[in-house]
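>>> dropping a prediction and its sequence here:
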Amino acid sequence: MCGRFAITTDPALLATSIDAINEIPAAADSGPNYNVAPTDGIVTVISRHSEPGPPHTPTDQPTRRLRLMRWGLLPAWTKPGPGGAPAAGGPLLINARADKVTTSPAYRASAERRRCLVPMDGYYEWRPDPLEPGDPAGARAKSRVRKTPFYIHGDGAMLFAAGLWSAWRPDRLSAPVLSVAIITTEAVGELAEIHDRMPLLLPENRWDSWLDPDSVIDTTLLARPPDVTGIALREVSTLVNSVRNNSPELIAPALPEPRQGYLL
């Protein structure tokens, strides 16, 4: 799965580097975020026409655009809460399984024409550690098992995860709330030793076909094993366990555990 990630690139610079229009207001950019968590506003890449349609004129070709969206997709049937915000208590749809996006009622409408990319410097995953002598019986079943955090990142390049987005309205007169889920697939290679799921990472030569709002979804992108060439990982500090922490320390290599005992 993908439950936390980091992105530190300025949206304006990101837009320039991937030939996109930056539609994120400067006031909405909170700066580098080393601990992005569910329900945060996150940068997404979509492809849209300038005018509503169809039909579209030959000169109105879809263009890449950066938009800020709530992490946690809101299906059309989401009930509004007080003040028009999404009602609390429902499932938080931050991840969508690649093998379910075309059939699940929560995702299939978005899979048809609302596909996106979620840029990130890297993401975090937690590896369950073996139980040690003295751990209480049944600790793993009761979710009290120790877990070691890892930071998984590109070797000098950003990662772009496939996603799905929606435009939810509490009523017909309200402005839409844009929201997104990150698609996950089976982890491969060394990453599978940490967690059995990982974001569906797409290389640049697959972006346009994935984002194209005028074409049906290319299901081969969902089915093929992810290419993890150039992906690196490292153990990091347990500071990332708390969403209150947000600094470069979170992605730094973990310091060795202090030795127990006395200096002689």
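The structure has been received and is ready for your questions. Fair warning: this is a prediction, and the values are worked out from it, not measured in the lab.

>>> going along the chain, name the helices of this protein.
Taking DSSP state H as the criterion, the chain contains helices spanning 11-17, 108-113, 207-211, 219-223.

>>> how about the last one: buried residues?
Looking back up the chat, that one is helix 219-223. For helix 219-223, burial by neighbour count (16 or more other Cβ atoms under 10 Å) applies to 221-222. Where C-beta positions appear, they are placed from N, C-alpha and C, glycine not excepted.

>>> now the first one
Taking 16+ other Cβ under 10 Å as the basis for neighbour counts, the residues of helix 11-17 that come out buried are 11, 14-15.

>>> next: the second one.
Taking 16+ other Cβ under 10 Å as the basis for neighbour counts, the residues of helix 108-113 that come out buried are 110-111.

>>> cool, and the third one?
Using 16+ other Cβ under 10 Å as the test for burial, helix 207-211 gives 207, 210-211.

>>> turn these into CSV, including pLDDT and distance to T44.
As requested, these are exported to CSV (pLDDT from 0 to 100; distance: Cβ to Cβ, whole Å):
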residue, pLDDT, distance to T44
W207, 97, 13
W210, 96, 12
L211, 97, 10
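
>>> closest to M69 among these?
Looking at those and their distance to M69, the nearest is L211, at 14.3 Å (Cβ to Cβ).

>>> before we move on, back to that, of all the buried residues of helix 207-211, which comes closest to D218?
Looking across those and measuring by Cβ to Cβ, the closest to D218 is W210, at 6.8 Å.

>>> hang on, that closest one packs against L221?
Yes. Because the distance of 6.1 Å satisfies Cβ atoms under 8 Å, W210 is recorded as touching L221.

>>> please report how far R127 lies from L222.
When distance is defined by Cβ to Cβ, to the nearest Å, R127 is 26 Å away from L222.

>>> count of neighbours near E186?
Residue neighbour count, defined by other Cβ atoms under 10 Å, stands at 15 for E186.

>>> re earlier: report the set of residues contacting both of W210 and L221.
Each of 162, 202 lies in contact with both W210 and L221 under the rule Cβ atoms under 8 Å, 6 or more residues apart in numbering.

>>> low-confidence ranges in the stretch 151-264 of the chain?
Per-residue confidence of the stretch 151-264 of the chain (counting by pLDDT under 70) places the weak regions at 257-264.

>>> for the most centrally placed residue in the chain, what are its contacts?
Nearest to the mean C-alpha position of the chain, by Cα atoms, centre = their mean, lies I182 at 4.4 Å. With Cβ under 8 Å, 6+ apart as the criterion, the residues that contact I182 are 2, 71, 94-96, 118, 161-163, 199-200.

>>> what does N33 give?
Taking Cβ under 8 Å, 6+ apart as the test, what N33 contacts is 6-8, 40, 246.
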